[in-house]
Structures are given as C-alpha cells and as structure tokens.
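*Asks:* After the sequence you'll find the predicted model.
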Amino acid sequence: MKKVLLTLLALYLALCPLALAAAEEQVTLNVYNWGDYIDPDTLAVFEERTGIRINYELYETNEDMYTKLKKSKTSYDVIFPSDYMVERMIHEEMLLPLDYTAMPYTQNIDPRFLNASYDPTHAYSVPYTWGTMGILYNTTMVDEAPADWDALWDARYDKSILMLNSPRDTIGIALKRLGHSLNSINPTELEEAKQSLIAQSALVLAYVVDEGKDKMVSGEAALALVWSGDAQYCIERNPELAYVVPPEGSNLFFDAICVPTSSKHPAEAMRFIDFLCEADIAAQNYEYVGYAIPNSAAVELMGDAYAASAVSNPPDETLSRCEVFTNLGDDTRIYDRIWTEIITSIY
Ligand code: SPD
C-alpha cells in the first residue's frame, strides 16, 4: 500500500510542473472588432477547438480603432479595419505581414477580392466582408422611395432621419450628394459638404452606428444612412424596410482582417483568421451579421438565398457608381477638423 502511495506521489510530482506549464502557456487573443460583426457562437467553437482563449472588444468606427491602437498600451492580436484604414496602417507600419502558408483556408477567398488597391498583394489583410452605403427607409413612413441622397435632407422627415456617427462615411455621402468625390481634399468642396451637414443636423434624430438598427426595425425613424449589411439585417426583421443606393453614387467598402504589429501572439492570430475563412464558419457569420462575404466556398454553401439578395449582391450597374475610400494621408486631419466642427455645432 505504501509503495502504491509513493508511486502515485512521484507521478503527481512529475506531472504537476507539466500541468502548470500548460496552464501558463494558455494563450489569450485580444480580438478587436466592430459591433455585431461576428457570430459569438463561432468564437466559442474556436476556443473549444484550439484551447486558445478570446478576449473580445468592440469599436464603432475605423477612427476609434486606429486611435485606440495608437494610444492604448493594450496589445491587440486581430483587428478588422476597412480598406482606407488598412492602407493607412500599412503606411504607418502598424500591421504585420501575414503568413499565408499557415492559413490554408484563405484559398476560399474569391480571387476577385485579392487585388485590392488598399493592399495590392494582400500581404497584410485578408478580406472579411464587403458592401455599399445607401439609404434604408421605411416604406410605410416615406411618401415615395428615395430618388437621391436629397431624401436625407428632406424637411418632411424632420427628426426621423438617422445619420452615421462616422466621419468618413457621413462627410463622404455629403460630398457625393453635391456631385464630388468622396475622397475629395478640395477645401471648397469640403466646406460645402460641411455646411450641408450642419444645415441637415436640425432634421436628424440621431447620429448612430449599431444602435440605428433597432431604431429602424422598430419604426422609430423613417430613413437612415446605413451600410448594406445592416440594411440586410434590418429588412430580415422588418419587411416594411427597403434599401436603395442613390443614383449619384456611393461608397463600396471592403473590411479586412489584420494582425497589428503590437500583437503578442501572431501565430495564434493567424490561426484565428484561418478559422474565419473556413466555409461553414464564414457562412455562419454571414447569417448572423448580414454583410456580404468574399468567401467563394461559403457563398456556394449558402446557395440561392444569398445570391437572391440585391442588398448583399448589388448589380454591377450599382457598383459602377460607387467609389472606394482611399487613405488621405495628412489630409485626414481636414476631415477630423470638419467632423469636430459639425459635431460641436450640433451639441
Ligand atoms: N456593425 C458594424 C459593421 C461594420 C461595417 N463596416 C463598414 C465600413 C465602411 N467604411
């Protein structure tokens, strides 16, 4: 009996350091993403499958995410910037080059999405979602379908209009409405856009990001400037809602997955990116977030329902009227200043 106990004790002492080392080695990934931009069940699947923990934090705009990364001491491992922000972060050496040999499921990405001007060889970014900006409107609350961007400046919808609390998007659409490029750095055009947004502000119910979805689904507002994925989400929950990309043109955006240079666990971060590219996981995320995905294998899995959505899959004619945001370099400061002036004129 004594011999058995001594053997058990020896075994325990031998295994204990191993168990402690394993516990110490447990990796936690700091994932920083937009609100409502992943099915939380997929995070649980990843954790269970890999033993890697996920600490998940949210942001509302590219600018919030960028500022946090620049200023915070927290090291993030995975982020989801849009096109122009990827370009800016590459330029400012804030992103790590990706190891595609460690991410075999990235082969599911449709090659049409792999020659983007914001990261031509996709050395730093894996495409995650894409979409357009447009007007979501309640067909029972507006007199007619919006014919152009002016609908968001229409006094008939006083305090029933929602705008995005996002500088590039909102200023960009004001520029587009006035017939200018949404990448304009022309001071006269930007001043004109600023004045138009200040004038519009009296009609605006709220400047929102994710909270706008509930307001539209519940009928609290009649019209909203939205991203197409959020339009898809809302229309699925309230069939009285419809989405239009106005004829003056709009923004075509691409959101991507990247690893910041501050990452402490780049190998695990890439394992997570690879996981998100698995067909069934990407399809599950589409069902949850409503944003179009560049993953051919997942699109194949989803079949007709996905293909039939004109919101997720706008016709080429609509896309040909859209522009992608570009990194404006130092001129980004002009947008920051204008946005501050708009917001302070309101409150
Ligand atoms: N729920 C938030 C979804 C984020 C969509 N990103 C759009 C970026 C446009 N530049």
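*Replies:* The structure has been received and is ready for your questions.

*Asks:* Which strand residues bridge the residue in the stretch 101-250 of the chain that the ligand sits nearest to?
*Replies:* Residue nearest to the ligand within the stretch 101-250 of the chain: Trp227 (4.6 Å; C-beta to the nearest ligand atom). Backbone N, C-alpha and C define where each C-beta goes, glycine included. Judged by DSSP bridges, the bridge partners of Trp227 are Met133.

*Asks:* Neighbours of Ala206, how many?
*Replies:* For Ala206, the neighbour count with other C-beta atoms under 10 Å is 15.

*Asks:* can you give me phi and psi for it?
*Replies:* Here is the backbone geometry of Ala206 (degrees, to the nearest 10): phi -160, psi 150.

*Asks:* what's the closest non-adjacent residue to it?
*Replies:* Leu162 (5.8 Å; C-beta to C-beta, 6 or more residues apart in numbering).

*Asks:* quick one: secondary structure of that neighbour?
*Replies:* Look at Leu162: counting by DSSP: H, G, I helix; E, B strand; the rest coil, its state is strand.

*Asks:* Glu57 and the ligand: what is the separation?
*Replies:* 14 Å (C-beta to the nearest ligand atom, to the nearest Å).

*Asks:* Surely that residue is within a strand?
*Replies:* Yes: note on Glu57: a strand contains this position according to three-state DSSP.

*Asks:* Okay, and the beta partners of it?
*Replies:* Tyr32.

*Asks:* Quick check, it in contact with Leu29.
*Replies:* No: under the criterion of C-beta atoms under 8 Å, Glu57 is not in contact with Leu29, lying 11.1 Å apart.

*Asks:* Give me the more crowded residue out of those two.
*Replies:* Shown here are Glu57 and Leu29; by other C-beta under 10 Å, Leu29 has more neighbours (23 against 13).

*Asks:* tell me which element the more buried one is part of?
*Replies:* Using DSSP states H and E, Leu29 sits in strand 28-34.

*Asks:* That strand: which residues count as buried?
*Replies:* 29-34 (16 or more other C-beta atoms under 10 Å).

*Asks:* What's the first helix or strand after it?
*Replies:* helix 40-50.

*Asks:* State the number of residues packed around the closest residue to Ala102 other than its chain neighbours.
*Replies:* Spatial nearest neighbour of Ala102, excluding adjacent residues (C-beta to C-beta, 6+ apart): Met270 at 4.9 Å. Neighbours of Met270 under the rule other C-beta under 10 Å: 24.
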